[in-house]
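In: Next one to model:
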Amino acid sequence: MGCLLDKVDLKKELKNLYNPSSKEVTVVDVPAMNFLLVNGEGAPASPKYIEAIEALFSVSYTLKFIVKKAKGIDYAVMPLECLWWVDDITKFSADKKDEWMWTAMIMQPKYVTADDINLAVEQVKKKKNLFTLLKVRFESFKEGSAAQIMYVGPFSAEGPTIAKINAQIQNSGHALSGKHHEIYLNNPAKTAPEKLKTIIRQPMK
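Out: Numbering: from 1, shown residues only. Sure, this is the predicted structure:
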């Protein structure tokens, strides 16, 4: 008989962070969590961004199997998240995506260690020739107070929803802080644009 696995549903445990309302903007306090991260610059369709995503998911899925085998814990890999910004946030424009800077990231469970990460990266290196693997980091990231909403639709039509969040933050007497944050709950290659689910989050102070 095989050993029993401890199945963990992270998105369910963190429902307030990963399954917000699509009807109204809500405020959350985002605690410190551990992430695999890669920094870069350029448009979302740029080769650097695409390779960063492949590296993050390759390491994350390898980690899942390492943890399952070594620690008896079975969990689903968390969704891709990305912070987007420019040096002057007032000039953040969809018309100038080549000037965007970004941090692509995937949250990792608390029982994943730095040693696990190193082992996973080495295993991926043997299978894939990804230069971006050299840039993968493992860090804690805390966002704190933030406003967010579930947006359903194509990425190109996010503008009004972002404006809605920003307006609500400012109307509540707060100010925008930190970086524009998106969490992608679907694979755009396998999902119709009008059905894409994206959590749009904006930290505030």
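In: in its sheet, what does the helix or strand of the chain with the lowest mean pLDDT sit against?
Out: Least confident helix or strand, the chain: strand 6-8 with a mean of 88, by mean pLDDT, DSSP states H and E. Sheet partners assigned to strand 6-8 using DSSP bridges are listed as strand 73-75 (parallel).
In: pLDDT averaged over the partner strand - what is it?
Out: Mean pLDDT, taken over the full extent of strand 73-75, equals 94.
In: Would you mind stating the distance between the most centrally placed residue in the chain and residue 72?
Out: Centroid-nearest residue in the chain: residue 81, 1.4 Å away (criterion: Cα atoms, centre = their mean). Residue 81 sits 27 Å away from residue 72, going by Cβ to Cβ, to the nearest Å. Every residue, glycine included, has its C-beta placed from N, CA and C.
In: now residue 109
Out: Relative to residue 72, residue 109 is positioned 13 Å away (criterion: Cβ to Cβ).
In: More neighbours: which of those two?
Out: Taking neighbours as other Cβ atoms under 10 Å, residue 109 and residue 72 compare with residue 109 leading, 18 against 12.
In: and that one, backbone torsions?
Out: For residue 109, the backbone dihedrals are phi -60, psi 160 (criterion: degrees, to the nearest 10).
In: In contact with residue 120, which residues?
Out: Taking Cβ atoms under 8 Å, 6 or more residues apart in numbering as the contact definition, residue 120 lies against 59, 62, 63, 66.
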